[in-house]
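**Q** Got a predicted model here, sequence first, then my questions.
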Amino acid sequence: MIALARKTMVYEWRRFAPAVFAVGFSGVLLAVQAALVLGIFGSASVYVTASSADLWAGYPGTQSVNFGRDIGPDMEMYLRMDPDVVDVEPYLWVEGDWHGTTRTGGVPVFVSGIRTNDDAMMFSHLLPLSRRAQLREPNAVIVDRSDLEQLGTTVGGHAWINGHRVQIVAALSGLRALGGVNVLASQDTARRLQAAESAAGTPYFVARLRDPALAVAAQARLSAVPPGFGPLSVWTADAFAKRSRFYWIFDTGAGIAVLFMAAIVCLVGAVLTSQALMAVVASSAREYAMLNALGASLRALSRVVLEQACWIGGIGLLMGTAASALLLWVASRYDVPVSMNWTVAIGCAVLVLGLAVISGLFAVRGLQRAEPAMLLR
């Protein structure tokens with residue numbers, strides 16, 4: 001009886017094709033939605049994930065990187081006193097108003113003041129050494145290439161930040177920001193770009209450890225700030241990145257709206273899949289009735305339907321995976337903020353298969369109408 005499920009799908013594939021496509025379409029919807037959520041809100045932690053620092057030190061209660069407050073310069077020495085810390089560098093954050101040469105309106109920008117030496121930690125995963133060396137030029141800045149049109153400038157052109165002229169020396173991918181535009185500059189340039197009323201402080205210090213595996217222990221040790229030092233909190237890089245992402249996803253209206261859309265996508269996928277499977281069962285009602293008349297129990301027929309649901313889910317998942325990979329590749333080529341990791345990908349796959357199985361359970365109810373008496377009608 002179990003072989004009947006596979007043989008039926010092979011010889012009557014046209015009948016099952018709509019259900020397979022429905023499952024695949026649901027998988028594509030889920031994967032693309034998840035990739036957009038990760039890509040859009042992952043930009044809130046790009047400052048952490050694109051850097052090689054193991055620890056971040058900032059003001060207590062900071063919810064996201066862009067909400068940093070100045071901490072005392074003595075914190076650098078405090079971090080260097082730890083035996084596991086091998087390097088410490090400041091990270092400057094300057095909010096500015098950008099004016100390009102081809103537009104009159106201002107654009108809010110977030111200037112990251114970073115060190116330009118070759119072993120610097122900030123944006124080391126994103127910034128090649130040749131590009132970092134370009135920031136050593138006075139007033140040199142680097143932006144995301146997808147933001148050039150919004151900024152009204154080109155590579156090699158110039159603009160003004162807080163009334164100071166800057167030169168765009170390069171453009172990279174992966175620098176997009178939430179609610180503004182990220183700009184990379186040297187620390188000297190960033191300090192010159194600070195507004196006159198802003199304090200010339202340092203919101204963060206980042207640290208490299210002799211062994212990244214010691215991050216949790218070092219974070220716990222450094223969090224016990226002794227008397228005499230100012231207020232300070234220390235996070236591991238992973239914890240601070242998650243803290244920033246979770247703030248934008250769960251503590252802002254935009255994040256809740258996107259999650260609501262994701263829930264709607266799941267609901268639509270479940271409805272499409274269940275309706276497609278129920279249509280398959282309904283179209284085969286006379287065949288199931290014949291098998292019932294020949295002695296096949298409803299329990300055995302239910303197993304056939306459930307196995308068909310599993311096959312439909314598996315084939316649809318493969319189709320959806322291929323289509324999703326293609327769509328995400330195209331999106332990344334056009335600088336659409338998308339991102340995917342194995343945890344989310346596996347979660348989407350399990351959810352798609354779960355939708356197929358649950359839809360199969362709903363479709364089993366259609367067997368109640370597959371009675372031998374219907375053959376006489």
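**A** Done, it's in.
**Q** and stretch 101-109, how far apart are its ends?
**A** Counting by C-alpha to C-alpha, to the nearest Å, you get 16 Å between the two ends of stretch 101-109.
**Q** In a helix, residue 335, correct?
**A** No: read with DSSP: H, G, I helix; E, B strand; the rest coil, residue 335 is coil and lies in no helix.
**Q** Run the chain-centre distance for the helix or strand encompassing residue 247.
**A** Counting by DSSP states H and E, the element that carries residue 247 is helix 237-250. Put simply, helix 237-250 sits 11 Å off its chain's centre (C-alpha atoms, centre = their mean, to the nearest Å).
**Q** avg pLDDT for that helix?
**A** The average pLDDT within helix 237-250 is 90.
**Q** Likewise for stretch 328-341?
**A** Here stretch 328-341 scores 87 as its mean pLDDT.
**Q** how about the CA coordinates for that stretch, as CSV?
**A** The C-alpha trace of stretch 328-341 is given here as CSV (Å, rounded to 0.1, in the frame of the first residue of the first chain):
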residue,chain,number,x,y,z
LEU,A,328,18.8,35.8,-3.3
TRP,A,329,21.9,35.8,-5.6
VAL,A,330,20.2,38.2,-8.0
ALA,A,331,19.1,40.4,-5.0
SER,A,332,22.7,40.5,-3.7
ARG,A,333,24.0,41.5,-7.1
TYR,A,334,21.7,44.5,-7.1
ASP,A,335,22.7,45.5,-3.5
VAL,A,336,19.4,44.5,-2.0
PRO,A,337,20.0,43.9,1.7
VAL,A,338,19.5,40.2,2.1
SER,A,339,21.3,37.7,4.3
MET,A,340,20.9,34.0,5.1
ASN,A,341,22.6,31.6,7.6
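**Q** How about the contacts made by residue 70?
**A** 59, 199, 201-203 (C-beta atoms under 8 Å, 6 or more residues apart in numbering). Backbone N, C-alpha and C define where each C-beta goes, glycine included.
**Q** returning to what we had before: return the set of buried residues in the helix or strand following the helix holding residue 247.
**A** Once the chain leaves helix 237-250, the next helix or strand it forms, by DSSP H and E, is helix 253-283. Buried residues in helix 253-283, counted by 16 or more other C-beta atoms under 10 Å: 255, 258, 262, 265-266, 269-270, 272-281.
**Q** same question, stretch 232-250
**A** Buried residues in stretch 232-250, defined by neighbour count with 16+ other C-beta under 10 Å: 232-237, 239-241, 243-249.
**Q** re the thing from before, turn the contacts of residue 70 into a markdown table, columns for neighbour count.
**A** Listed next are these as a markdown table, based on neighbours: other C-beta atoms under 10 Å:
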| residue | neighbour count |
| --- | --- |
| 59 | 16 |
| 199 | 9 |
| 201 | 15 |
| 202 | 22 |
| 203 | 20 |
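**Q** what are the ranges of the strands in the stretch 101-250 of the chain?
**A** 107-114, 140-144, 158-161, 164-172, 181-186, 204-209, 233-236 (DSSP state E, counting those that start in this stretch).
**Q** any idea of the mean pLDDT for the second one?
**A** Okay, so that is strand 140-144. On average, strand 140-144 scores 95.
**Q** packing partners for that strand?
**A** Applying 3 or more C-beta pairs under 8 Å, 6 or more residues apart in numbering; DSSP states H and E, one finds that strand 140-144 contacts helix 129-134, strand 164-172, strand 181-186.
**Q** Out of the strands of the stretch 101-250 of the chain, the one nearest residue 330 is which?
**A** strand 140-144 (18.7 Å; C-beta to C-beta).
**Q** what does that closest one rub up against?
**A** 111, 127, 131, 134-135, 151, 161, 166-176, 181-186, 189, 335.
**Q** List the neighbouring strands of that strand plus their orientation.
**A** According to DSSP bridges, strand 140-144 forms sheet pairs with strand 164-172 (parallel), strand 181-186 (antiparallel).
**Q** Columns mean pLDDT on top of those, output as a markdown table?
**A** Below are those laid out as a markdown table (pLDDT from 0 to 100):
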| stretch | mean pLDDT |
| --- | --- |
| strand 164-172 | 94 |
| strand 181-186 | 95 |
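**Q** Ok, which of these comes nearest residue 92?
**A** Nearest to residue 92 among the strands paired with strand 140-144 is strand 181-186; the distance by C-beta to C-beta comes to 8.6 Å.
**Q** before we move on, which element is residue 62 in?
**A** Using DSSP H and E, no helix or strand contains residue 62.
**Q** how near is the residue nearest to it when sequence neighbours are not counted to residue 136?
**A** Excluding the flanking residues, the one nearest residue 62 by C-beta to C-beta, 6 or more residues apart in numbering is residue 68, at 5.7 Å. Applying C-beta to C-beta, to the nearest Å, the value for residue 68 to residue 136 is 25 Å.
**Q** More neighbours: those two, which one.
**A** More crowded of residue 68 and residue 136, by other C-beta atoms under 10 Å: residue 68, with 20 against 13.
**Q** Now for the more buried one: which residues touch it?
**A** Neighbours of residue 68 in contact, by C-beta under 8 Å, 6+ apart: 58-59, 62, 93, 203-204.
**Q** Also residue 127?
**A** Residue 127 neighbours (C-beta under 8 Å, 6+ apart): 50, 142, 172, 184.
**Q** distance of the first one from residue 319?
**A** To tie it back to what came earlier, the one meant is residue 50. As judged by C-beta to C-beta, residue 50 and residue 319 stand 34 Å apart.
**Q** So which elements touch the helix holding residue 247?
**A** helix 13-42, helix 46-49, strand 55-58, helix 215-223, helix 253-283.
**Q** need these in JSON lines with mean pLDDT and distance to residue 351, can you?
**A** Below are the helices and strands packed on helix 237-250 laid out as JSON lines (pLDDT from 0 to 100; distance: least, C-beta to C-beta, whole Å):
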{"stretch": "helix 13-42", "mean pLDDT": "85", "distance to residue 351": "6"}
{"stretch": "helix 46-49", "mean pLDDT": "93", "distance to residue 351": "25"}
{"stretch": "strand 55-58", "mean pLDDT": "96", "distance to residue 351": "33"}
{"stretch": "helix 215-223", "mean pLDDT": "94", "distance to residue 351": "31"}
{"stretch": "helix 253-283", "mean pLDDT": "74", "distance to residue 351": "7"}
